[in-house]
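Undergrad: below: sequence and its predicted model.
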Amino acid sequence: MIEVKHLTKRYGDHLALDDISFTVEDGEIVGFLGPNGAGKSTTMNIITGYLSSTEGEVKVGGVDVLENPIEAKSKIGYLPEIPPLYVDMTVQEYLDFACDLKSVPAANKPETIEQVCKLARIADVRKRLIRNLSKGYRQRVGLAQALVGNPEVLILDEPTVGLDPKQIIEVRDLIKNLSKKHTILLSSHILQEVQAVCDKLVIINHGRIVAIDTPEALSRNILQINKLELRIKGPKNDILRGIQDLDGVVEAEILRIREEGTVDIRVETDDETDVRGAVFTFCAENNYPIYMMRTDEINLEDIFLQVTGEREARRR
Amino acid sequence: MKAVFLKELRGYFRNPIGYVFIGMMFLVISFYYIVYSMYYQYSDYYYVLDACVGLIMFIFPILTMRIMSEEMKTKTDQILLTSPIKTSGIVLGKFLAAEVIFLIVIALTLLQPLVTILHFKGTLNTAFTLGGYLAFFLLGTSFIAIGMFISSLTENQLIAAVITIVVFMLMNLTNGLYNVFPSSRYFSLGALIVALAIILFLIYRAIHEVIITGIVGVAALLALLVTFFIVPTAFDGLLIKIMQEFSVFERFADIFTGVFELSHVIFFLSVIVFFLFMTYQVVEKRRWS
C-alpha cells in the first residue's frame, strides 16, 4: 500500500534521511520507531506530500506522490506531530472544513462527522472551541480529522504523545480497531507503545533504517536475560555470596530491602549465560524462597545499541 | 479552493481582524469624505478615494500579514498541503477571501457618493467617480496580492506587516524620488549593475549553483556593458523611466487625472497575477528546501 524507495532528504548540508526504503502492505500496522530527530516526521511529511524528497520515490496505493499528488493525497489521512488545528473554530466547524478539504459530498457530511466523532470519542466536545480543549482532546480531534473521508491509509505521527495513560490505552485500542479497515503507519519513540499494536517495526536512527522486523523477532534478539532482578527470602550476605559464585555471573549487588526478611539483588551475567536455572537450583538447595525474578525492561536505547552493534563498544 | 475560501472568509469574522480592517478603512475614508465632500463641498467623490490612499496603505497589512504566515506558524498549513487540493487553490482561495473583505469596504463607501447626490442635492461626475472606484479597487487588490506574497515569506506576522508597510512606503515614495535621482547614464548603469547583483544573489539562494549563477551573471553583465558602449544614449534617465514604468502609484494617479487607458488596467492585473504566482511559487518551493 505504501512503497518508499531510496528516500533521501537533504537540508543544505544536513542529511536528514539517507536512502530509506520500506513497504507497508495492505491492512498492516507498521510502527516507525526512532529517537527524536531520527527522521520519522520528515519521512511521514514526504509520504503525505507536505515535503518533497531530494531523491527517491514514494507510492501510495500504486500512485506516485510526486507525479499525481491529488490522487495520492486522497488516499491518505494524516495526523502530523502537532495536530493542525484551527483553535478559533469549534470541533464541529473544524471537521466540517476537513470534510470540504477532502471533498466529502455535502449530503454525507453529517454522517461522516458523526462517525469520526464517535471513533475518536469527541462527540461530547463537538460544540466547543478547539482553543478551550485539553491536549488529549486536541490530539483526538486531530485524529478525527485524519479519519474524515475514510482514507485507505492512515499516517499517524506520535499519536499518543501528551496523552495520559488511560487515553494512551484508548488510542491504542482505537488504532487496533481501525487497522481492520485501514493500512496504518504510526511513529513513536516508545517501544512498548508500538510493540503492542504493530505487525512490523521499522527502526530508524540518524536518518537511516537500522532494522525492519516483527516486534517478536526484534525483542527475541534483544531479550535481556543477562540482567536480572531477584527478591529472595533468607540471610542477605549468604544469598549474595552464593549468587556471586554461580557460573557466568559478572556482577551481583544488593539493591534494596523491600520486604522484611528478603533482599533485592541485581545480577549481571556475561552474554552467553542464562543464569536463571542456576539461581533456582541454588535457592532450592538452600531453601531460600524466590519471591520475584524478572529480566530488565527492554528500552529503545538498548534496541538501538543492539541493532547498531554498539553495545559491546559501550561496555568497554 | 471553495473550502479554503469559505474557511478564510469566516475566519475574518471569527477573530477581530475582519472587523478591525473594515472599521479602520471605513473610518479613514469617511474622514476624507467629511473633509472633502462636506466641509470643502467638492462635488467630485474621487478626490476622497485619491486622497485616502496615503493612509489606507498602512491599514492593508492588517489584512494581509497573517494570510500565509499564520498557518506556517501554527503548522495548520499541514492539513491544507496534505489534502487532495491544489496549491493554486489554496493561494487563490485565501486571496479571494481577503478580496471579499476589501469589496465589503468598497460597498460601504458607495453610500457616500449616494448621500452627496440624494441628501445634499449635489452633482457627481459619474464617469470620474466610476473610474476612481475602478482605480481604487485595482490598487487595493494589488496591495492584497503584494501583502500576501510578503506574508508567504515569513512565519512571523509582525515581520510580514513591517516589511509590507516599508514596501508600500517605498512604492509611494518613488513617485516623489524621480527628481532626486540623477538622470546621468552612468548612474543608470551603476543602478542596473546593483540590481543585477541582487538578482544574482536571489538566483544563487534559490538554486545553490555557483557555476550557473556565475554564467548568468557574466552574460548579463556583458550584455549590459555592450549595450552601454553601443547605444549610450539609451541609458540617459533610464532608471527613472524604469521606475515610472513599474510604479503602481503613478498608474493610480494617472487614472485620476483623467488618463484612463486599458493599459493601466492590464498593468494592475499583471501586478496582481505576478504576485499571486510568486506566492504560489514560494509555497511550492518551501517543500523542496
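TA: Looks like it came in fine.

Undergrad: where do the strands of chain A begin and end?
TA: Secondary structure of chain A (DSSP state E): strands at A:2-11, A:14-24, A:29-33, A:55-60, A:63-64, A:76-79, A:153-157, A:183-188, A:200-205, A:208-213, A:227-233, A:249-256, A:262-269, A:290-295.

Undergrad: in TSV, list the ones you listed along with mean pLDDT and distance to residue B:186.
TA: (Each C-beta comes from the backbone N, C-alpha and C, glycine too.) Formatted as TSV, these follow (pLDDT from 0 to 100; distance: least, Cβ to Cβ, whole Å):
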stretch	mean pLDDT	distance to residue B:186
strand A:2-11	90	43
strand A:14-24	90	45
strand A:29-33	90	62
strand A:55-60	91	48
strand A:63-64	91	54
strand A:76-79	94	58
strand A:153-157	93	58
strand A:183-188	90	61
strand A:200-205	88	60
strand A:208-213	85	58
strand A:227-233	87	81
strand A:249-256	85	84
strand A:262-269	87	82
strand A:290-295	86	83
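
Undergrad: nearest to chain B, out of these?
TA: Evaluated with Cβ to the nearest Cβ, the strands of chain A place strand A:76-79 nearest to chain B, the distance being 4.8 Å.

Undergrad: give me the contacts around that closest one.
TA: Contact with strand A:76-79 is made by A:44, A:47-48, A:50, A:60, A:142-143, A:145-149, A:151-157, A:159, A:182, B:78-79, B:82, as judged by Cβ atoms under 8 Å, 6 or more residues apart in numbering or on different chains.

Undergrad: and chain A, which of its residues are near chain B?
TA: Neighbours of chain B within chain A, by Cβ under 8 Å from any Cβ of the partner chain: A:11, A:45, A:48-52, A:70-71, A:73-74, A:76, A:78, A:80, A:82, A:84-89, A:93, A:97-98, A:100-103, A:145.

Undergrad: rerun at 7 Å
TA: Contact residues (Cβ under 7 Å from any Cβ of the partner chain) of chain A with chain B: A:48-52, A:70, A:73-74, A:76, A:78, A:80, A:82, A:84-86, A:88, A:97, A:100-103, A:145.

Undergrad: mind checking which of those are in helices?
TA: Members of the residues of chain A next to chain B lying in helices (criterion: DSSP state H): A:70, A:73, A:97, A:100, A:101, A:145.

Undergrad: please tell me how far the fourth one sits from residue B:186.
TA: Same thing as residue A:100. Per Cβ to Cβ, to the nearest Å, residue A:100 is found 58 Å from residue B:186.

Undergrad: returning to that earlier point: let's see if you can find the most crowded of the ones in helices among the residues of chain A next to chain B.
TA: residue A:145 (27 neighbours; other Cβ atoms under 10 Å in any protein chain shown).

Undergrad: that one: what's it in contact with?
TA: For residue A:145, the contacting residues are A:94, A:95, A:98, B:79, by Cβ atoms under 7 Å, 6 or more residues apart in numbering or on different chains.

Undergrad: same check, this time on residue A:38
TA: Contact partners of residue A:38, counting by Cβ under 7 Å, 6+ apart, are A:204, A:205, A:206, A:207.

Undergrad: just give me the neighbour total for the closest residue to chain B within the stretch 201-316 of chain A.
TA: Residue nearest to chain B within the stretch 201-316 of chain A: residue A:207 (16.9 Å; Cβ to the nearest Cβ). Neighbourhood size, residue A:207 [other Cβ under 10 Å]: 23.

Undergrad: hang on, it packs against residue A:18?
TA: Yes. Using Cβ atoms under 7 Å as the test, residue A:207 is close enough to residue A:18 to be in contact (4.6 Å).

Undergrad: for whichever residue of chain A sits closest to chain B, which residues are in contact?
TA: Closest residue of chain A to chain B, Cβ to the nearest Cβ: residue A:100 (3.3 Å). By Cβ under 7 Å, 6+ apart, the contact set of residue A:100 is residue B:3.

Undergrad: closest to residue B:61 out of the contacts of residue A:38?
TA: Ranked by distance to residue B:61 (Cβ to Cβ), those are led by residue A:207 at 39.9 Å.

Undergrad: quick check, pLDDT for the closest one.
TA: Looking at residue A:207, its pLDDT stands at 87.

Undergrad: excluding chain neighbours, what is closest to residue B:174?
TA: residue B:243 (5.3 Å; Cβ to Cβ, 6 or more residues apart in numbering or on different chains).

Undergrad: what is the burial count for that neighbour?
TA: Neighbours of residue B:243 (other Cβ under 10 Å): 16.

Undergrad: tell me which residues are up against the strand or helix carrying it.
TA: Secondary structure assignment for residue B:243, by DSSP states H and E: helix B:238-246. By Cβ under 7 Å, 6+ apart, the residues outside helix B:238-246 that reach it are B:174, B:178, B:181, B:183, B:187, B:188, B:191, B:250.

Undergrad: buried subset of those residues?
TA: Restricting the contacts of helix B:238-246 to buried positions leaves B:174, B:178, B:187, B:188, B:191, B:250, with burial counted as 16 or more other Cβ atoms under 10 Å in any protein chain shown.

Undergrad: quick check, nearest of these to chain A?
TA: After measuring those against chain A - Cβ to the nearest Cβ - the closest member comes out as residue B:191, at 32.4 Å.

Undergrad: any idea which helix or strand comes after the helix or strand containing the closest one?
TA: Using DSSP H and E, residue B:191 maps to helix B:185-207. Note on helix B:185-207: by DSSP H and E, the next helix or strand toward the C-terminus is helix B:210-230.

Undergrad: for the record, mean pLDDT for that following helix?
TA: Summarised as a single mean, pLDDT over helix B:210-230 is 87.

Undergrad: and that helix, what does it pack against?
TA: In terms of contact count using 3 or more Cβ pairs under 7 Å, 6 or more residues apart in numbering or on different chains; DSSP states H and E, helix B:210-230 is assigned the packing partners helix B:185-207.

Undergrad: the helix it packs on vs helix B:238-246, what angle?
TA: Angle, helix B:185-207 to helix B:238-246, by axes from the mean of the first three to the mean of the last three Cα atoms, to 10 degrees: 60 degrees.

Undergrad: what helices or strands is helix B:185-207 leaning on?
TA: In terms of contacts (3+ Cβ pairs under 7 Å, 6+ apart), helix B:185-207 is packed against helix B:210-230, helix B:238-246.

Undergrad: contacts for the longest one?
TA: Yep, that's helix B:210-230 we're talking about. Under the criterion Cβ under 7 Å, 6+ apart, residues B:189, B:192, B:193, B:196, B:200, B:203, B:204, B:234, B:235 lie in contact with helix B:210-230.

Undergrad: now restrict those to buried residues only.
TA: For these, a burial check counting by 16+ other Cβ under 10 Å picks out B:189, B:192, B:196, B:200, B:204, B:235.

Undergrad: check chain B for its longest helix and report it.
TA: helix B:126-153.

Undergrad: which ones among the contacts of residue A:145 are found in helices?
TA: Counting by DSSP H, those contribute A:94, A:95, A:98, B:79 to helices.

Undergrad: surely the first one touches residue A:128?
TA: The one in question is residue A:94. No. The pair residue A:94 and residue A:128 fails to qualify as a contact (Cβ under 7 Å) at a distance of 10.7 Å.

Undergrad: who touches residue B:156 in this structure?
TA: Residues in contact with residue B:156 (Cβ under 7 Å, 6+ apart) are residue B:69.

Undergrad: and what of residue B:188?
TA: Applying Cβ under 7 Å, 6+ apart to residue B:188 gives the contacts B:235, B:238, B:239.

Undergrad: adding mean neighbour count, write the strands of chain A out as TSV.
TA: Conversion of the strands of chain A to TSV gives the following (neighbours: other Cβ atoms under 10 Å in any protein chain shown):
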stretch	mean neighbour count
strand A:2-11	18
strand A:14-24	18
strand A:29-33	25
strand A:55-60	19
strand A:63-64	15
strand A:76-79	27
strand A:153-157	24
strand A:183-188	26
strand A:200-205	23
strand A:208-213	18
strand A:227-233	20
strand A:249-256	14
strand A:262-269	20
strand A:290-295	14
